[in-house]
Structure formats: structure tokens, C-alpha cells
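**Student:** need coordinates for the below:
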Amino acid sequence: MTDFTATHFRFCVEAVTPLAFDDYTGSALRGAMVSALQRHFCPVQGQADEVHQAACPVCWLLTYEATAGDARRPYAIEPLLGRQRAFEPGQRFSFGITLYGHAVALFPYLVLAVTLMGREGVGKPTAASSPQGRPSRGRFSLCTIEEVNPLSGDRLPLMAEGGRVVDMPRRPVTEELVKRAAQRLERKIQTAGGRLGLRFLTPARIVDRGQLVRAPLFRPLFQRLLERVHELQATFGRGAEPPDWHTLRGLAERVTLVEDHTHWWDVKGHSQRLQREQNLGGYVGLARYQADTDVWRPLLPWLVWGMSTHVGKNAVKGSGWYTMVTGDR
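**Tutor:** So this is what the prediction gives:
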């Protein structure tokens, strides 16, 4: 058993000035959050230093590396969905941030960060966002905060409209909820003749054996997911046992891609850490897979966790976010 959790927060905001995003909003939201936290809570340059991280929760949240050279952050963005990327004053939009394991204790910093993001601006600089006519980023105000549990369906208000008091979260995704969801999903898959669909909401960028995978093949996807979920559990929870890598990879090889309704979204973003443009492209859309029930059973808990952790490159910016569907939906 592991005490690892994933706690999902949904922030509803309202544009104060004209506000516009590039095509992929995850990079802008993550960059604005990081900038706000660094600027107001810790301007120290060497934030990845272990000694400094031990004393500074903000730097631990932003720069913690689970293993040398392979960062596993204790949070992930859930970017805007849909096509709207420009907002006039008074228009609202929402986005999510998920905290993993004991990082949930830093939720108050997220509330402050989102408030500061709204004051300082986010998205593309536009002349319309500034009364002086100089290009500036659009500003917003924080309206409400909800804790959302995608497995139980709970939506818990943490900050009401016009409120100043923010409650602490208490409805995380837990191992027990994942187990129950996997059991329900198994029954639905049986009814659907062994078929399961994954709907990729944001680009899934999967690299396998050093090569970019441009189709939603199951084994490479599942292998990256298995590695990510296990490392998050081992780092930000307690009691996580190593998976049976060999057996699970063998089962994943037996899952067949039977319908591919995905397409490649060739999108780019900016990396503050690397100080350069970054490829974020990946496949989005629906892929359907088929396997026997005894194959699906051990894989399903990992797939359920993956809806909270995302999968593949740039997961912290919201890439590789998916939901699971059965039937014809």
C-alpha cells in the first residue's frame, strides 16, 4: 500500500484586461506560476541546491528532481481545453493544477501564486492589455476555487464567489479510489468486448528507445506511464513497491491498437529553464485498444492513476492529459 495521492484544484478566473494565449496554454500558465512564486517568495538563483530546497518550500515545489537529470515535479498543470484563446474583460475561463503526495501542504502557495499571476499578467503581450498602449500581458482576477476528484465525482468548493476564506482540500485521489475505479472499468471493458478508449486531451509526446512515437501505440505509452507513476509514488508518497516491470511490459505488448482517431498537434512553447523554444507536439484525439480481461486487469490501476499524472514529455505543463472511455462515446 502507498499513501500517494493526487489532489486536483480548479481555478476559475475572470479577465480584467484583454487577454490572449498562444495555441498551447499549459506553457504560459506554468511559466506565469513559476515566475510569480520565484519573484515574490524566493529570488535565490541556486534553487536546485538540496540544502536550499530543504529550507524553502517554494523552491522544492518548483525545482525538485526525483533522480539526477530527470525532473519529476510534485505538480502538473491542466491547461485550457476548447478553442477559445482570447478573452475580453468580464469573460471567464478555468484551468487546473494538481499536487502530488505531501506537496498538497503547499496549496496555500498555489492560491497566492494564481492571485499574483492575475495581477502581473499571463499569455501573449498585446497593446490592448495596457492603457498606455505598450504591449503587456493580460490580467485576470481569481473568482472561485474548487477541489475536483475525477474518480469520485466530488466537486468541493474551497473559495466561494467573492470570498476571502480558502478551505484546505480533503477529497484527493487515493489508492483505494483508484482500485475501485479500476474494478468498475474492468466490468465496463468486459461489456464492451475487451475494448478501452483513451482520449488524449493534450499532446502526448512519447519517446521510445530514443525515437519520437507519432502513433498511440500502447506499449511505449504504457511504459512511459508506468515509469512516471511509480517514480511519483516513490518520491512523493510512502510505501510504494516497485512494479513487476517485466510482467507488465509483457502484458502491454498484448494490447492491440484497433482504432486510431488521433492526429498530431505540432505545437511549440517556451522553456524558462532552457531559455529557448521547445517542441511540445504530440498526438491528440481518441485511440481504442483491445485485449483480454486478464491482460487489462493488472494494467488498469496504472492507467487510472495516469489520468491524474499525465504521461510523456512535458507532463508538468499539462501535456499527455487523457481520460478513459468505454462504449461508443
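
**Student:** as a whole number, average confidence for stretch 154-171?
**Tutor:** Model confidence over stretch 154-171 averages 94 on the pLDDT scale.

**Student:** so which bits of it are buried?
**Tutor:** Residues of stretch 154-171 classed as buried by neighbour count (16 or more other C-beta atoms under 10 Å): 158-159, 166, 169, 171. C-beta coordinates here come from the backbone N, C-alpha and C atoms, glycine included.

**Student:** relative to the whole chain's centre, how far out is that stretch?
**Tutor:** 20 Å (C-alpha atoms, centre = their mean, to the nearest Å).

**Student:** please apply the same query to stretch 77-96.
**Tutor:** 16 Å.

**Student:** kindly format the C-alpha coordinates of that stretch as PDB.
**Tutor:** The C-alpha coordinates for stretch 77-96 follow below in PDB (Å, rounded to 0.1, in the frame of the first residue of the first chain):
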ATOM      1  CA  ILE A  77      -0.900  21.900 -14.900                       C
ATOM      2  CA  GLU A  78      -4.300  21.100 -16.500                       C
ATOM      3  CA  PRO A  79      -4.500  23.700 -19.300                       C
ATOM      4  CA  LEU A  80      -7.400  25.300 -21.100                       C
ATOM      5  CA  LEU A  81      -9.400  23.000 -23.300                       C
ATOM      6  CA  GLY A  82     -11.500  24.100 -26.300                       C
ATOM      7  CA  ARG A  83     -10.600  26.500 -29.000                       C
ATOM      8  CA  GLN A  84     -11.000  29.900 -27.300                       C
ATOM      9  CA  ARG A  85      -7.700  31.600 -26.700                       C
ATOM     10  CA  ALA A  86      -8.700  35.300 -26.400                       C
ATOM     11  CA  PHE A  87     -10.800  36.800 -23.600                       C
ATOM     12  CA  GLU A  88     -12.300  40.200 -23.200                       C
ATOM     13  CA  PRO A  89     -12.800  41.800 -19.800                       C
ATOM     14  CA  GLY A  90     -15.500  40.100 -17.900                       C
ATOM     15  CA  GLN A  91     -15.100  36.800 -19.700                       C
ATOM     16  CA  ARG A  92     -14.200  33.800 -17.600                       C
ATOM     17  CA  PHE A  93     -12.000  30.700 -18.100                       C
ATOM     18  CA  SER A  94     -10.700  27.900 -15.800                       C
ATOM     19  CA  PHE A  95      -7.600  25.800 -15.500                       C
ATOM     20  CA  GLY A  96      -6.300  23.200 -13.100                       C
END
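
**Student:** list the buried residues in that stretch.
**Tutor:** Going by neighbour count (16+ other C-beta under 10 Å), the buried part of stretch 77-96 is 77-80, 85, 87, 93, 95-96.

**Student:** is it true that G312 touches F200?
**Tutor:** No: G312 sits out of contact with F200 when judged by C-beta atoms under 8 Å, with a separation of 9.5 Å.

**Student:** so what sits against both of these two?
**Tutor:** Shared contacts of G312 and F200, defined by C-beta atoms under 8 Å, 6 or more residues apart in numbering, comprise 282, 320.

**Student:** tell me which element R184 is part of?
**Tutor:** helix 175-191 (DSSP states H and E).

**Student:** what is the subsequent helix or strand relative to that helix?
**Tutor:** strand 195-204.
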